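> this is a predicted model, with the sequence first.
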Amino acid sequence: MKKEPTTRASGTAEATGETDAPVRKTAAKKAAAAKKAAGAKRTAAAKKAPVAKKPLVAPGKAAAAVKAAPAKTVAKPAGEESRTALVRRARRINRELAEVFPYAHPELDFENPFQLVVATVLSAQTTDLRVNQTTPALFAKYPTPEDLAAANPEEVEEILRPTGFFRAKTKSVIGLSKVLAEDFGGEVPGRLEDLVRLPGVGRKTAFVVLGNAFGRPGITVDTHFQRLVRRWRWTEETDPDKIEAAVGALFPKSDWTDLSHHVIWHGRRICHARKPACGACPIAPLCPAYGEGETDPEKAKKLLKYEKGGLPGQRLKPPQAYLDAGGRPAPPLGAG
């Protein structure tokens, strides 16, 4: 029989015994090359991917300068913040400040609601310390609304001169004393709508009195409060009444009075207007404005004011809890 002719390719394959082996080897090589290329791409992508930056945290040494305020690593708010995230961050800040200032209190000396409302009116455009150094002489001479209502304005002006704007303040405290004596039986009312009827008394003063003399919640929007809540991006409002409403909506009403103390104390002692002590701030990880002030721990420590900076507080007769925590009373007027 005649043999079937074979092609060169098939003859070669039969002679070597390889048949489809080269095809399998080629496929295997291609698969290996593809796998290697994919791995290289993943590695390159990982190298190019931006590394998440760690949040800036208040340095340990500086944080230690403020008792009960260890630095904690948490994410700082970035970009748009949801309402839920804002509420959580705001309440976290308040809790942190409550640990730092557990003895926070109103820094005006007072023994009754009348003394508090007068002292608060006098605190406009001056420090609580200056008011506390001035009011002992005022209340010694005019202990009741009836006494102050009948006072000689010139004599009151002389007493109030150290507080600044003493003529306008004299008119206000004598005027509110007359209203208290004539319309409220010599008693300070415990309702917002009644308090704001008194000369020189606005919502801020009214909430100071309600919160600290009557135990009724209120937010005190003073200059420190306004500055800090905007730095913390709790609100962008600039009007005090709108700030009060915006911040009040972030917290339960029961927190309002203590929240005011915490924020104001932090503003006076650490988060100053011109040069905040960022490097000594216990809530730096939660603050969008961290870095606006001094971040070096040792330099920031030197910026601390009042009791944590080795200086006395603003009250001549502070609460015992403040003294127990190492706070010192302020010196009387003329003591240096």
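Yes, it's here. Computed from a predicted model, the values in this text were never measured in an experiment.
> so what's Phe251 up against?
For Phe251, the contacting residues are Ala90, Arg91, Asn94, Leu259, by Cβ atoms under 8 Å, 6 or more residues apart in numbering. Heads up, the C-betas are built off the backbone N, CA and C, glycines and all.
> tell me the helix or strand right after the helix or strand harbouring the last one.
Per DSSP states H and E, Leu259 falls inside helix 256-269. The C-terminal neighbour of helix 256-269 among helices and strands, as given by DSSP H and E, is helix 297-301.
> list the buried residues in that next one.
The neighbour-count check on helix 297-301 (16 or more other Cβ atoms under 10 Å) flags Pro297, Ala300, Lys301 as buried.
> swap in stretch 241-250?
Of the residues in stretch 241-250, those buried by neighbour count under the rule 16+ other Cβ under 10 Å are Ile243, Glu244, Ala246, Val247, Gly248, Leu250.
> how about the residues you listed in TSV, adding pLDDT and secondary structure?
As requested, these are exported to TSV (pLDDT from 0 to 100; DSSP: H, G, I helix; E, B strand; the rest coil):
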residue	pLDDT	secondary structure
Ile243	97	helix
Glu244	97	helix
Ala246	98	helix
Val247	98	helix
Gly248	97	helix
Leu250	98	coil
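> tell me which of the residues you listed is nearest to Phe101?
Proximity to Phe101 was ranked across the buried residues of stretch 241-250 by Cβ to Cβ; first place goes to Val247, at 17.8 Å.
> quick one: residues contacting the closest one.
Ala90, Ile219, Val221, Val229, Trp234, Thr235, Leu259.
> the same query, at a cut-off of 10 Å, please.
By Cβ atoms under 10 Å, 6 or more residues apart in numbering, the contact set of Val247 is 90, 219, 221, 225-226, 229, 232, 234-235, 237, 256, 259-260, 263.
> which of those has the most neighbours?
With neighbours taken as other Cβ atoms under 10 Å, the top of those is Val263, carrying 29 neighbours.
> what's the spacing between that one and Pro331?
Counting by Cβ to Cβ, to the nearest Å, the gap from Val263 to Pro331 is 26 Å.
> can you find the helix or strand of the chain with the lowest average pLDDT?
Among the helices and strands of the chain, helix 60-64 carries the lowest confidence by mean pLDDT, DSSP states H and E, at a mean of 35.
> packing partners of the helix or strand that that helix is followed by?
Following helix 60-64 in sequence order, the next helix or strand is helix 83-100 (DSSP H and E). Under the contact definition 3 or more Cβ pairs under 10 Å, 6 or more residues apart in numbering; DSSP states H and E, helix 83-100 sits against helix 223-231, helix 256-269.
> can you mark which positions in the longest one are buried?
This points to helix 256-269. For helix 256-269, the buried set under the neighbour-count rule, 16+ other Cβ under 10 Å, comprises 256-269.
> with stretch 269-288 instead?
For stretch 269-288, the neighbour count (16+ other Cβ under 10 Å) marks 269-272, 276-287 as buried.
> quick check, nearest of the residues you listed to Val209?
Arg269 (23.8 Å).
> kind regards, and thank you for your time.
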